[in-house]
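# Build me a model from this:
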Amino acid sequence: MDSTRTLPRFAAALRAGGVAVGSDAVLLAAEGLAAVDPAHRPDVRACLAACLIRDPADFELFDRLFDALFPQMQQGARDSVPALPQPRSARPSPAMKRLAQALLAVGSVRTLRQRDEQEPDAAGTASDALLWQDKDFEQMSAGELELARQFLRVLPDELAARRTRRMRPAGAGSRLDLRRFLRAAARGREARLPRRSPVVRPWDWVVIVDVSGSMAAYARMFLQFAHALRRRAAGLEAFTFATELTRISRALRPIDPDRAFEAITAAVRDWDGGTRIGASLAQFNRQWARRVLARGAWVLLLTDGLERGPPEELEAAVARLARSARELVWVNPLMRSARYEPLAAGARILSRYATERRSAHSVASLMDLAQLLGFQHARDR
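Numbering: from 1, shown residues only. Got it, this is the predicted structure:
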């Protein structure tokens with residue numbers, strides 16, 4: 001088994017399956033393979049995993065691709081195209097779908113070489129990327145939506161954090177730790193003045209997503225964003241609503257986003273249904289507000305504000321939600337237009353009580369939202 005010859009195909013298969021593999025990681029893997037015994041399969045696997053995989057969600061795909069492209073076979077059969085594993089059930093799992101896409105992408109060595117030998121055309125590359133990121137989700141093709149989902153898996157990079165009252169020892173802390181100093185002095189020890197600093201933790205986050213008919217396309221992409229947020233804020237709580245409120249926090253727990261969306265689809269019964277914003281938020285206030293907003297959580301509310309119920313019910317629910325949350329961020333895809341005005345009764349109510357107003361119609365708008373969550377409130381640390 002010539003691991004070095006198979007490495008380019010393996011890296012290309014990982015990229016086709018949605019794994020971010022850079023050329024620096026491939027070069028590092030090549031150096032690592034030169035230092036291990038190519039006949040010892042566990043060492044080869046450990047080397048490639050350490051060099052090429054950063055996200056734990058990609059280990060399942062890595063293992064399946066490794067078994068397919070690095071099989072224990074004879075010398076003459078190592079360049080053959082690996083066969084796709086046969087699933088036991090008629091419905092393939094999300095990991096098997098990613099595996100099939102990856103293997104089909106590297107099924108031909110000739111195709112792979114042509115792809116590697118192509119020189120990128122610099123003319124219009126940056127502008128095309130910007131146009132793609134600004135494109136409305138409802139106007140994207142199936143391929144563009146899949147590319148957007150892959151892109152949103154890595155957002156956000158960093159989350160705003162808060163200082164707690166708890167302290168921890170620190171070499172260059174802002175405060176003197178008198179207790180440790182007196183304890184050391186009582187024992188006759190000579191030491192530098194001990195320091196301590198506050199413990200920093202991410203804010204609590206609550207995501208409430210409108211999955212009614214007018215919001216279904218945007219809700220899918222926003223839930224992809226929420227899944228990435230969940231991986232950086234373990235305590236995130238998530239809910240969906242159309243005609244009823246559904247808690248989906250457990251459904252977002254799987255590391256693989258495809259498995260998470262299968263769980264969400266099974267849990268949400270009113271997807272693409274009617275809209276009852278006021279009743280759903282009132283139900284959230286009654287059943288969940290004390291539990292998930294006790295420490296001043298941020299609330300991200302995705303809805304267009306097109307309420308069909310009585311405005312009085314919506315205003316009472318939104319007013320209570322705004323009082324309970326530290327920040328109420330209203331995320332509305334209709335804000336994609338600079339001329340948008342909240343003329344509908346529900347939209348006017350949400351605009352009046354929201355502390356932040358953002359759009360969520362494109363990849364670029366979700367990137368702006370990630371910056372808000374991570375960097376604008378750094379002063380709270």
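# Give me the buried positions along stretch 29-46.
Buried residues in stretch 29-46, counted by 16 or more other C-beta atoms under 10 Å: 29, 30, 32, 33, 36, 41, 43, 44, 45. C-beta: built from backbone N, CA, C; applies to glycine.
# Actually, stretch 327-337.
Going by neighbour count (16+ other C-beta under 10 Å), the buried part of stretch 327-337 is 327, 328, 329, 330, 331, 332, 333, 334, 335.
# Show the contacting residues for the fourth one.
Contacts for residue 330 (C-beta atoms under 8 Å, 6 or more residues apart in numbering) come out as 301, 303, 305, 350, 351, 354, 356, 357, 358.
# Helix or strand: which one has it?
Per DSSP states H and E: residue 330 is located in strand 327-331.
# Partner strands of that strand and their direction?
Using DSSP bridges, strand 327-331 pairs in its sheet with strand 298-302 (parallel), strand 356-358 (parallel).
# And the helix or strand that it is followed by, what does it pack against?
Going down the chain from strand 327-331, the next helix or strand is helix 345-353, by DSSP H and E. Judged by 3 or more C-beta pairs under 8 Å, 6 or more residues apart in numbering; DSSP states H and E, the packing partners of helix 345-353 are helix 311-324, strand 327-331.
# Now the first one: buried residues?
Okay, so that is helix 311-324. Burial within helix 311-324, assessed by neighbour count using 16+ other C-beta under 10 Å, is assigned to 313, 314, 315, 316, 317, 318, 320, 321, 322, 324.
# Can you pick out the most distant pair from these?
For the buried residues of helix 311-324, the maximum inter-member distance is 17.0 Å, found between 313 and 324 (C-beta to C-beta).
# for the stretch 151-300 of the chain, which spans come out with low pLDDT?
For the stretch 151-300 of the chain, applying pLDDT under 70 flags the ranges 153-186, 188-202, 233-234.
# What segments of it are helices?
Using DSSP state H, counting those that start in this stretch, the helices of the stretch 151-300 of the chain run over residues 178-186, 216-232, 257-267, 277-287, 289-292.
# by how many degrees do the third one and helix 216-232 diverge?
Right, the one you point to is helix 257-267. 120 degrees (axes from the mean of the first three to the mean of the last three C-alpha atoms, to 10 degrees).
# about what we covered before: CSV for the buried residues of stretch 327-337, including distance to residue 23 and pLDDT?
Compiled in CSV, those are given as follows (distance: C-beta to C-beta, whole Å; pLDDT from 0 to 100):
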residue, distance to residue 23, pLDDT
327, 40, 90
328, 44, 95
329, 38, 94
330, 42, 95
331, 36, 94
332, 40, 93
333, 37, 92
334, 41, 90
335, 39, 91
